[in-house]
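A.B. asks: sequence and predicted model, in that order:
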Amino acid sequence: MANTPISFEFFPPQTPEGSDKLTDVRKRLAVLKPEFFSCTFGAGGTTQDRTLDTIKLIHAEGHQAAPHLSCVGSTRENIRALLFAYKEMGIRRIVALRGDMPSGMGSIGEFHYANELVSFIRAQTGAHFHIEVAAYPEFHPQANSAREDMLNFKHKISAGANSAITQYFYNADGYFRFVDETRKLGVTAPIVPGIMPIVRYSQLARFSDTCGAEIPRWMRKTMEGFGDDVESVQAFGRDVVTALCEKLIAGGAPGLHFYTLNQADASLEILKRLGYRGR
Ligand code: FAD
């Protein structure tokens with residue numbers, strides 16, 4: 001079970017203290033020999049420098065670093081400059097996204113959807129980067145229909161993406177169905193489940209409402225019942241998410257990508273239960 005490849009996602013810290021803390025988090029997670037560490041990118045370039053700085057640090061530590069790159073609100077020139085900066089640094093993997101325009105921010109820019117970004121990366125840098133894209137087993141909140149969303153997902157792969165990471169979910173059946181249905185459409189690229197450990201219920205509920213990831217009713221009711229008892233929420237979360245990962249691995253998931261929220265404990269505990277040890 002502990003042979004399934006793993007990876008970890010961070011957001012770029014805002015302060016020097018946050019950056020030091022994240023360096024420590026990385027040290028603890030690196031013991032499990034992840035395939036890569038990725039770092040998110042604010043749409044419209046809002047975290048551009050901090051993402052770049054975090055990626056430089058990860059790369060300098062000798063780990064494979066995967067910057068996220070969201071295209072909405074950007075220009076071709078800006079994206080091209082970033083791509084070549086990453087290429088020169090020796091970065092080989094990029095997570096290519098559309099992103100969401102922050103409210104009140106100006107024009108949508110020169111890209112409308114992630115498939116255009118994938119095509120642009122291939123046109124500019126050929127086969128240099130391994131390109132990851134996002135997938136939504138419970139479908140993207142703006143999708144017109146499940147089928148259209150899957151076809152749009154297929155377009156991103158056909159544009160040159162190598163593999164995908166999913167939005168988090170707590171229902172394994174939805175993931176397996178999404179994989180089956182997209183295979184029927186001809187997608188052969190690996191689709192790695194995104195795993196969100198549960199640290200705080202209120203934060204998770206807020207996230208889930210905006211990104212369209214469903215927290216099943218039985219989970220919501222159980223966690224609501226714990227009220228302010230954070231310990232019980234976390235213990236429940238560890239059980240549920242470990243069982244989810246076991247089911248995903250047993251069903252053939254090609255990897256596990258952890259949304260760490262810049263914390264090590266929850267991911268480490270789940271992975272320990274799955275049999276991952278320092279290598
Ligand atoms: P797209 O693939 O472009 O899809 C967006 C919507 O448009 C979907 O509903 C799709 O069906 C539809 N669509 C796609 N193509 C077309 C078309 N040609 N015509 C009509 N409709 C179309 N956000 C960030 O800002 N920064 C990050 O670092 C970040 N990292 C993420 C990492 C992962 C693994 C995931 C799953 C999400 C991440 N996000 C990030 C969130 C993501 O940017 C949002 O979910 C965004 O709303 C959609 O991005 P996308 O790349 O999936 O878009």
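C.D. replies: Perfect, I can see it now.
A.B. asks: got the residues of this structure near the ligand?
C.D. replies: 40-43, 68, 70, 95, 97-100, 113-115, 134, 140, 142-143, 148-149, 152, 156, 165, 167, 194 (CB under 6 Å from any ligand atom). (Each C-beta comes from the backbone N, C-alpha and C, glycine too.)
A.B. asks: need the buried ones from these selected in PyMOL.
C.D. replies: PyMOL command restricting these to the buried ones, with burial defined by 16 or more other CB atoms under 10 Å:
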select buried, resi 40+41+42+43+68+70+95+97+98+99+100+114+115+134+140+143+149+152+156+165+167+194
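A.B. asks: just give the nearest non-adjacent residue to residue 155, would you?
C.D. replies: residue 115 (4.4 Å; CB to CB, 6 or more residues apart in numbering).
A.B. asks: helix or strand: which one has that neighbour?
C.D. replies: For residue 115, the element it lies in under DSSP states H and E is helix 114-125.
A.B. asks: go through that helix and flag the buried ones.
C.D. replies: 114, 115, 116, 117, 118, 119, 120, 121, 122, 125.
A.B. asks: also stretch 261-275?
C.D. replies: In stretch 261-275, counting by 16+ other CB under 10 Å, buried: 261, 262, 263, 264, 266, 267, 268, 269, 270, 271, 274.
A.B. asks: coming back round to it: helix or strand next in line after the helix holding residue 115, which one?
C.D. replies: Taking DSSP H and E, what comes next after helix 114-125 is strand 130-135.
A.B. asks: what's residue 22 in contact with, if anything?
C.D. replies: The contact partners of residue 22, by CB atoms under 8 Å, 6 or more residues apart in numbering, come to 10, 13, 54, 262.
A.B. asks: isn't the first one up against residue 38?
C.D. replies: By that I understand residue 10. Yes: the criterion here is CB atoms under 8 Å, and residue 10 meets it with residue 38 at 7.2 Å.
A.B. asks: comparing those two, which residue is more hemmed in?
C.D. replies: When neighbours are counted by other CB atoms under 10 Å, residue 10 and residue 38 differ, and residue 38 comes out ahead with 29 against 23.
A.B. asks: what are the ranges of the helices in the stretch 151-279 of the chain?
C.D. replies: 172-184, 201-211, 217-225, 230-250, 265-273 (DSSP state H, counting those that start in this stretch).
A.B. asks: how about TSV for the ones you listed, with mean pLDDT added?
C.D. replies: Converted to TSV, those look like this (pLDDT from 0 to 100):
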stretch	mean pLDDT
helix 172-184	98
helix 201-211	94
helix 217-225	97
helix 230-250	98
helix 265-273	97
